[in-house]
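Colleague: predicted structure and sequence below. I'll ask about it afterward.
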2 protein chains.
Amino acid sequence: MTKRLMGPKTLLFPMPAVLVGTYAEDGRADAMTAAWAAACCHAPPCVGVAVRRSRLTFANLEARGAFTLNVARADKAVAVDYLGIVSGREVPDKLARAGFEAVAATKVDAPILPGCPVNLECRVVGRLPLGSHTWFVGEVVEAHVDEELLTEDGKVRVDALDPLVFCTSSQDYHRLAGPVARAFSAGRALER
Amino acid sequence: MTKRLMGPKTLLFPMPAVLVGTYAEDGRADAMTAAWAAACCHAPPCVGVAVRRSRLTFANLEARGAFTLNVARADKAVAVDYLGIVSGREVPDKLARAGFEAVAATKVDAPILPGCPVNLECRVVGRLPLGSHTWFVGEVVEAHVDEELLTEDGKVRVDALDPLVFCTSSQDYHRLAGPVARAFSAGRALER
């Protein structure tokens, strides 16, 4: 296989397309689309998200020390993209325009978006300034999931969740096809 | 929509399933499967990955200060899962058993896996100890992409890449279905 050297580029595939919920200084709920997000610790349970210094969300995170990550469904791609294009500084009612309600989280000073099927309440416990972006780490203190997505034993049904996915380079949103293998299981076939 | 409170859980969907390449103390190439990884800065271009303290990869990262992220194809799910189950401490030839070759990266002290279609060479520039896991940030100094995956204008064709995706909770691997919308574009429809 011939490889092409592309130079220094963050070509990581794929990334989740999530909405970062924060309160602005005036108490208004805001949300920003982010694809640069990940779980980053098991105990305590933490997630991280990269935010540009110029963003309203950056100021809100610094002021409130809290955020939510809201997993968006694939059928909300247009609204999610809109929330990534437009700033709450210029369009104060961007959430309403995108068709999302916001309600107060139960344990942190940030809004959750009930129109998203999974919502993580996070308290900022770490920040790593890297250059254009800062990596904010939030300890997840509560997770909300739409009842209808859960199996009897409390697992999230990914097919019903239908999460929105972002791919860099071609810059398009995708959805998931069916599962291809069981994790922590399929690989046992290669053990002796 | 009724929500169920799930407690503090990192329910973020979906995550990429990548292979973290490092050299061990004795110079042997090793790779660990990771789904907790993300791009985290544009300038300089950085990616991050969460690694448990007990992992051989953790020791290798601390000793060598370099790693690669290798994007795996969906048809490699069994091999990828195996590389996440088995430690290079117990199975020194785990890469060969999984069917992956390793070659020296061009700019950092870490191995790349040419059998993966995208390979990012990273120099460790930050670390954030969080508890069970440390978030390692690497500046991407070179990216390799299989020629046949690139469009004429140098974009990665996601359909041809067919990246492997991990979903928590149900703990299965998925692949992507087709694109659902263009990023930084579809949302313009909601602007006035």
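Modeller: Received the coordinates, thanks. Owing to the predicted nature of the structure, the values given are computational and were not obtained by experimental measurement.

Colleague: which parts of chain A are helices?
Modeller: A:56-64, A:77-85, A:94-97, A:158-161 (DSSP state H).

Colleague: quick one: which of those helices is nearest residue A:33?
Modeller: helix A:77-85 (3.2 Å; Cβ to Cβ). For every residue, glycine as well, the C-beta is placed using N, CA and C.

Colleague: that closest one close to chain B?
Modeller: Yes: Helix A:77-85 is in contact with chain B by Cβ under 8 Å from any Cβ of the partner chain, via A:77-85.

Colleague: who touches that helix?
Modeller: Here helix A:77-85 makes contact (Cβ atoms under 8 Å, 6 or more residues apart in numbering or on different chains) with A:17, A:19, A:31-34, A:72, A:94-95, A:97-100, A:164, A:173, B:180-191.

Colleague: try 7 Å this time
Modeller: A:17, A:19, A:31-33, A:72, A:94, A:98-100, A:164, A:173, B:180-181, B:183-184, B:186-190 (Cβ atoms under 7 Å, 6 or more residues apart in numbering or on different chains).

Colleague: quick one: contacts for the residue nearest to the spatial centre of chain A?
Modeller: The residue lying closest to the centre of chain A (Cα atoms, centre = their mean) is residue A:18, at 2.9 Å. Contact partners of residue A:18, counting by Cβ under 7 Å, 6+ apart, are A:34, A:37, A:69-72.

Colleague: can you give me the angle the longest strand along chain A makes with strand B:133-146?
Modeller: When chain A is parsed with DSSP state E, its longest strand is strand A:133-146. On the basis of axes from the mean of the first three to the mean of the last three Cα atoms, to 10 degrees, strand A:133-146 is oriented at 100 degrees to strand B:133-146.

Colleague: quickly check: strand A:133-146 near chain B or not.
Modeller: Yes: using Cβ under 7 Å from any Cβ of the partner chain, strand A:133-146 reaches chain B at A:133, A:135, A:137, A:140-146.

Colleague: give me the distance between the closest residue to residue A:56 other than its chain neighbours and residue A:135.
Modeller: Counting by Cβ to Cβ, 6 or more residues apart in numbering or on different chains, the nearest residue to residue A:56 once its immediate chain neighbours are dropped is residue A:88, at 4.8 Å. Counting by Cβ to Cβ, to the nearest Å, the gap from residue A:88 to residue A:135 is 21 Å.

Colleague: the two: who's more crowded?
Modeller: Legend: neighbour count by other Cβ atoms under 10 Å in any protein chain shown for residue A:88 and residue A:135, higher for residue A:135 (26 against 21).

Colleague: contacts only, for that one.
Modeller: Residue A:135 touches A:48, A:50, A:127-128, B:40, B:48, B:137, counting by Cβ under 7 Å, 6+ apart.

Colleague: if you set the cut-off to 10 Å instead, what comes out?
Modeller: Counting by Cβ atoms under 10 Å, 6 or more residues apart in numbering or on different chains, residue A:135 makes contact with A:36-38, A:40, A:48-51, A:126-129, B:38, B:40-41, B:46, B:48, B:126, B:128, B:135, B:137.

Colleague: got it, and residue A:158?
Modeller: So, once contact is read as Cβ under 10 Å, 6+ apart, residue A:158 ends up touching A:149, A:176, A:178-179, B:13-14, B:165, B:167-172, B:174.

Colleague: how near is it to residue A:171?
Modeller: Distance of residue A:158 to residue A:171, given as Cβ to Cβ: 24 Å.

Colleague: ditto for residue A:41
Modeller: Taking Cβ to Cβ, one finds residue A:41 at 29 Å from residue A:171.

Colleague: who's more crowded, the two?
Modeller: Taking neighbours as other Cβ under 10 Å, residue A:41 and residue A:171 compare with residue A:41 leading, 26 against 15.

Colleague: beta partners for the more buried one?
Modeller: residue A:46 (DSSP bridges).

Colleague: please enumerate the strands of chain A.
Modeller: For chain A, the strands defined by DSSP E occupy A:3-5, A:15-16, A:18-23, A:29-34, A:37-41, A:46-52, A:66-71, A:103-104, A:111-112, A:118-129, A:133-146, A:165-167, A:172-182.

Colleague: okay if I get the ones you listed as a markdown table plus mean pLDDT?
Modeller: Formatted as a markdown table, these follow (pLDDT from 0 to 100):
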| stretch | mean pLDDT |
| --- | --- |
| strand A:3-5 | 97 |
| strand A:15-16 | 98 |
| strand A:18-23 | 98 |
| strand A:29-34 | 98 |
| strand A:37-41 | 98 |
| strand A:46-52 | 98 |
| strand A:66-71 | 98 |
| strand A:103-104 | 98 |
| strand A:111-112 | 98 |
| strand A:118-129 | 98 |
| strand A:133-146 | 98 |
| strand A:165-167 | 98 |
| strand A:172-182 | 96 |
